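K.L.:
Quick check, what structure comes out for this input:
(one chain, ligands or ions: 1)
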Amino acid sequence: MQRTEPAIREQRRRFLGSSLQWAGAILSLALAYPLFRFLGFTVKPKPRFVTVAAPLPLSGYHAERDFILFAGDGKPFAVCRTCTHLGCRVNFLEDKQIIECPCHQSRFTPQGKLISGPAKKDLTRFAVETKKTPEGLISGYVVTL
Ligand code: FES
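P.N.:
Have a look, this model is predicted:
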């Protein structure tokens, strides 16, 4: 059976149309890839060092905007003040020896462990380096955020 000339033209037209559609789709993906890569690109933040210049007061803790620094038993540590529930700034209640969130009353130990609350995770802990004078006295702390 031989095909007629109009049928062959129609078949060529369909083939050309579908080829152009595929080429357009591939070209769109090729152009969109760099855009999606750019939108998804994030720069990891650099660590921030905060210096607490003086030795800790007798209360054994020092509250800054971003962290609470505790003297510990010879090993100082710092916990983040951002609540793990919705991000309110937590406070250390010295009389109860707990960290409490003023927004929904999540409670944490001074080490940042969750006691109760709507929060589901512990508070973030930051590394603390103790600075000493040549005589061996504590001159300050460097907290790495
Ligand atoms: S934001 Fe802290 S308990 Fe909700």
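
K.L.:
what packs against the helix or strand of the chain with the lowest mean pLDDT?
P.N.:
When each helix and strand of the chain is scored by mean pLDDT, DSSP states H and E, strand 138-144 comes last, with a mean of 88. The criterion is 3 or more C-beta pairs under 8 Å, 6 or more residues apart in numbering; DSSP states H and E, and the helices and strands that strand 138-144 contacts are strand 49-52, strand 67-70, strand 125-132. Using the backbone N, CA and C atoms, a C-beta is placed for each residue, glycine as well.

K.L.:
okay, the ones you listed, which one's buried deepest?
P.N.:
The highest average neighbour count among those, using mean count of other C-beta atoms under 10 Å, belongs to strand 67-70 at a mean of 22.

K.L.:
and that strand, average pLDDT?
P.N.:
Here strand 67-70 scores 93 as its mean pLDDT.

K.L.:
The chain: helices as residue ranges?
P.N.:
Applying DSSP state H to the chain gives helices spanning 5-39.

K.L.:
how's it carved up into domains?
P.N.:
Per automatic domain parsing, the domain ranges recorded for the chain read 1-42, 49-144.
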